[in-house]
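Engineer: Predicted structure and sequence below. I'll ask about it afterward.
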Amino acid sequence: MTEPTLLWLRRDLRLSDHPALLAAVARGGPVIPVVIRDDLLTGLGSAPKWRLGLSLAVMETSLREKASRLILRSGAAAEVLAGLVEETGAEAVYWTRAYDPDSIARDRAVKAHLEEAGIEARSHAGHLLFEPWEVETGQGSYYKVYTPYWNAVKSRDVAMPERAPAKIPAPERWPESDALEDWALGAGMRRGAAVVRPYQQVGEAAAQERLAAFTDAAIDAYKTARDLPGRDGTSGLSENLSLGEISVRQCWHAVMRARHEGAAGAETWAKELVWREFAYHLVYHTPRLVSGNWREEWDGFPWREVGDSPEVVAWKQGRTGVAFVDAAMREMYVTGKMHNRARMVAASYLTKHLMTHWRIGQAWFEEHLSDWDVAANALGWQWVAGSGPDASPFFRIFNPETQAEKFDKDGAYRRAWIAEGQAAPPETARAYFDAVPRRWGLSVSDRYPDSPVVGLKEGRAAALAAYEARKPG
């Protein structure tokens with residue numbers, strides 16, 4: 001009988017359309033799914049780490065239904081896998097490929113360690129539609145601008161999603177496992193966990209239902225509705241795609257069917273899926289995107305790098321006195337997510353009006369977004385800040401007031417998240433005070449700021465002056 005295969009699970013917490021899982025089953029012999037609490041996992045922000053714990057609990061249940069189970073181990077990945085190989089007699093380790101620099105460094109070290117011991121170590125596609133090295137310009141380089149990238153991939157064939165295996169062969173004896181509750185992945189959320197939990201749709205089944213509901217109805221109006229934060233006009237699948245609870249390949253074929261059936265917003269959503277691809281394309285080819293200015297000529301730009309100034313604290317707390325910005329921040333604390341239009345406005349206010357480095361905002365979102373994604377977060381912040389690809393810094397000094405007038409004309413979004421000043425604020429707005437840390441000392445009875453911490457006109461003028469003084473390249 002073929003010896004066991006270790007299936008090292010990371011951000012691929014599903015059973016269907018899972019190439020690494022299918023390859024492990026096809027290899028023959030038992031399959032032992034493993035999750036490792038290594039430095040990359042423990043280094044996650046509070047919200048994404050908590051959300052991962054929810055997903056692992058659902059994945060464990062799904063595996064049990066297939067007469068399998070999830071083995072949890074803690075430690076350096078190479079050492080944990082080597083120990084499991086010795087315990088189980090496994091002769092192969094399979095996993096789904098990752099593309100950020102920290103994961104690549106870890107995975108290369110793991111692969112070298114296993115192969116030196118004579119163990120088959122193989123990574124598989126599964127997180128993206130297109131591997132980053134498979135999409136090249138006519139000159140054989142990578143793409144630096146989104147629109148040409150979209151044009152290069154929009155008509156490419158994408159393989160059909162695969163079904164989940166009917167059976168996952170189990171070993172005669174399972175290795176010991178840590179208890180998920182002992183990992184305490186939600187500890188950093190504290191009292192906020194109870195507030196945010198109802199807004200999470202966790203696991204593969206929930207993701208499938210969400211995709212079906214979106215493509216059956218909401219996708220037709222998506223082109224317009226996606227920009228209206230007071231309306232439920234998006235797919236909501238970011239949290240599921242982040243953890244691989246659904247495959248992007250399944251999403252792609254669903255949107256292609258919707259487009260074939262005449263859904264007006266289908267192509268716009270397809271472009272959003274490809275924006276995610278573009279983010280990973282850039283992270284793979286230019287790893288500095290994650291931690292440094294993509295345009296290196298911006299390294300001398302005079303952003304403030306102080307994360308605890310009164311102005312930045314006001315931004316973090318959703319008390320800048322700019323209602324659209326504050327509503328965005330409060331939505332994040334209550335739901336674990338933030339509408340994309342609102343993200344752009346909140347990020348612009350921090351990096352332009354407050355002249356604060358995008359890395360401070362990037363780190364804050366990494367701590368608080370349950371749908372955090374390393375590539376999307378990095379690209380989004382740099383796109384708004386102007387240091388990223390296809391930069392247009394002057395245009396992207398978003399005016400929160402004109403943005404609100406255009407995309408929240410009736411004020412529904414701001415009323416939903418800002419309680420102060422309302423005689424009977426909705427529960428969404430009141431929940432903010434239950435979600436944020438007690439040490440902030442905030443109460444629903446507080447007075448909303450009378451004026452912005454930095455005025456919109458003054459902030460814009462200062463940002464423009466700084467751009468003119470140190471205009472890149």
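Structural biologist: Looks like it arrived, so ask away. Note that the structure is a prediction, hence the values are computed from the model and not measured. Numbers count the residues shown, from 1 in each chain.
Engineer: make it CA atoms for all contacts and neighbour counts henceforth
Structural biologist: Fine.
Engineer: Ile36 belongs to a helix, doesn't it?
Structural biologist: No: read with DSSP: H, G, I helix; E, B strand; the rest coil, Ile36 is strand and lies in no helix.
Engineer: ok, the closest residue to it other than its chain neighbours to His18 distance?
Structural biologist: Leaving aside its sequence neighbours, Ile36 sits nearest to Arg73 (C-alpha to C-alpha, 6 or more residues apart in numbering; 5.0 Å). Distance, Arg73 to His18, using C-alpha to C-alpha, to the nearest Å: 22 Å.
Engineer: was I right about the residue nearest to Ile36 contacting Glu79?
Structural biologist: No: contact between Arg73 and Glu79 fails when scored by C-alpha atoms under 8 Å: they sit 10.4 Å apart.
Engineer: neighbour count winner among those two?
Structural biologist: More crowded of Arg73 and Glu79, by other C-alpha atoms under 10 Å: Arg73, with 21 against 14.
Engineer: pLDDT at the more buried one, what is it?
Structural biologist: Per-residue confidence at Arg73 stands at 98 (pLDDT).
Engineer: could you say which helix or strand contains it?
Structural biologist: Here Arg73, judged by DSSP states H and E, is contained in strand 71-74.
Engineer: And the contacts of that strand?
Structural biologist: 32-38, 80, 175-180 (C-alpha atoms under 8 Å, 6 or more residues apart in numbering).
Engineer: Can you give the contact residues for the lowest-mean-pLDDT helix or strand in the chain?
Structural biologist: Here the helix or strand of the chain ranked lowest by mean pLDDT, DSSP states H and E is helix 456-469, holding a mean of 92. Helix 456-469 is contacted from outside by 302, 352-355, 393-394, 397, 399-400, using C-alpha under 8 Å, 6+ apart.
Engineer: likewise stretch 286-297?
Structural biologist: Residues outside stretch 286-297 that contact it (C-alpha under 8 Å, 6+ apart): 100-101, 282-283, 299, 359, 374-375, 378-379, 382, 387-389, 472-473.
Engineer: Just give me the neighbour total for Glu86.
Structural biologist: Per other C-alpha under 10 Å, the neighbour tally for Glu86 reads 11.
Engineer: contacting residues for it?
Structural biologist: Residues near Glu86 by C-alpha under 8 Å, 6+ apart: none.
Engineer: Let's see that with 10 Å instead.
Structural biologist: Residues near Glu86 by C-alpha atoms under 10 Å, 6 or more residues apart in numbering: Val80.
Engineer: so what's Gly28 closest to, chain neighbours aside?
Structural biologist: Closest residue in space to Gly28, ignoring its immediate chain neighbours: Thr2 at 5.8 Å, by C-alpha to C-alpha, 6+ apart.
Engineer: cool, Gly307 as well?
Structural biologist: The spatially closest residue to Gly307, leaving aside those adjacent along the chain, is Ile360, at 6.2 Å (C-alpha to C-alpha, 6+ apart).
Engineer: For that neighbour, give me the pLDDT.
Structural biologist: 98.
Engineer: Compute the distance between it and Arg288, please.
Structural biologist: In this view, Ile360 and Arg288 are 16 Å apart by C-alpha to C-alpha.
Engineer: how about the closest residue to Ala263 other than its chain neighbours, what does it touch?
Structural biologist: Using C-alpha to C-alpha, 6+ apart and skipping the chain neighbours, the partner closest in space to Ala263 is Asp220 (4.6 Å). Asp220 is in contact with 214, 233, 258-259, 262-266, 269, counting by C-alpha under 10 Å, 6+ apart.
Engineer: my read is Val93 is in a strand, agree?
Structural biologist: Yes: counting by three-state DSSP, Val93 is part of a strand.
Engineer: How about the contacts made by it?
Structural biologist: Contacts of Val93 (C-alpha under 10 Å, 6+ apart): 4-8, 20, 24, 31-34, 81-82, 85, 110-111, 114-115, 119-123.
Engineer: From Leu21, how far off is Arg122?
Structural biologist: Applying C-alpha to C-alpha, the value for Arg122 to Leu21 is 12 Å.
Engineer: Give me the common contacts of the two.
Structural biologist: Joint contacts of Arg122 and Leu21 (C-alpha under 10 Å, 6+ apart) are 94-96.
Engineer: on that earlier part again, and the contacts of stretch 286-297, which of them are in helices?
Structural biologist: In helices, defined here by DSSP state H, the members of those are 101, 282-283, 359, 374-375, 378-379, 382.
Engineer: May I see these organised as CSV, with distance to Leu456 added?
Structural biologist: Output for the ones in helices among the contacts of stretch 286-297, formatted as CSV (distance: C-alpha to C-alpha, whole Å):
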residue, distance to Leu456
Pro101, 37
Leu282, 32
Val283, 33
Arg359, 22
Val374, 30
Ala375, 30
Ala378, 25
Leu379, 25
Gln382, 21
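Engineer: Looking at the residues you listed, spot the one nearest Tyr149.
Structural biologist: Comparing those against Tyr149 with C-alpha to C-alpha places Leu282 closest, at 10.8 Å.
Engineer: Do you know the pLDDT at the closest one?
Structural biologist: Leu282 carries a pLDDT value of 98.
Engineer: Just the buried ones among the contacts of stretch 286-297, please.
Structural biologist: By neighbour count, with 16 or more other C-alpha atoms under 10 Å, these hold 100-101, 282-283, 359, 374-375, 378-379, 382, 387-389 as buried.
Engineer: I'd like those written out as JSON lines, with distance to Asp434 added.
Structural biologist: Shown next, in JSON lines, are the buried ones among the contacts of stretch 286-297 (distance: C-alpha to C-alpha, whole Å):
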{"residue": "Asp100", "distance to Asp434": "34"}
{"residue": "Pro101", "distance to Asp434": "36"}
{"residue": "Leu282", "distance to Asp434": "38"}
{"residue": "Val283", "distance to Asp434": "36"}
{"residue": "Arg359", "distance to Asp434": "27"}
{"residue": "Val374", "distance to Asp434": "28"}
{"residue": "Ala375", "distance to Asp434": "30"}
{"residue": "Ala378", "distance to Asp434": "29"}
{"residue": "Leu379", "distance to Asp434": "31"}
{"residue": "Gln382", "distance to Asp434": "31"}
{"residue": "Ser387", "distance to Asp434": "36"}
{"residue": "Gly388", "distance to Asp434": "36"}
{"residue": "Pro389", "distance to Asp434": "38"}
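Engineer: Brilliant, that's me finished.
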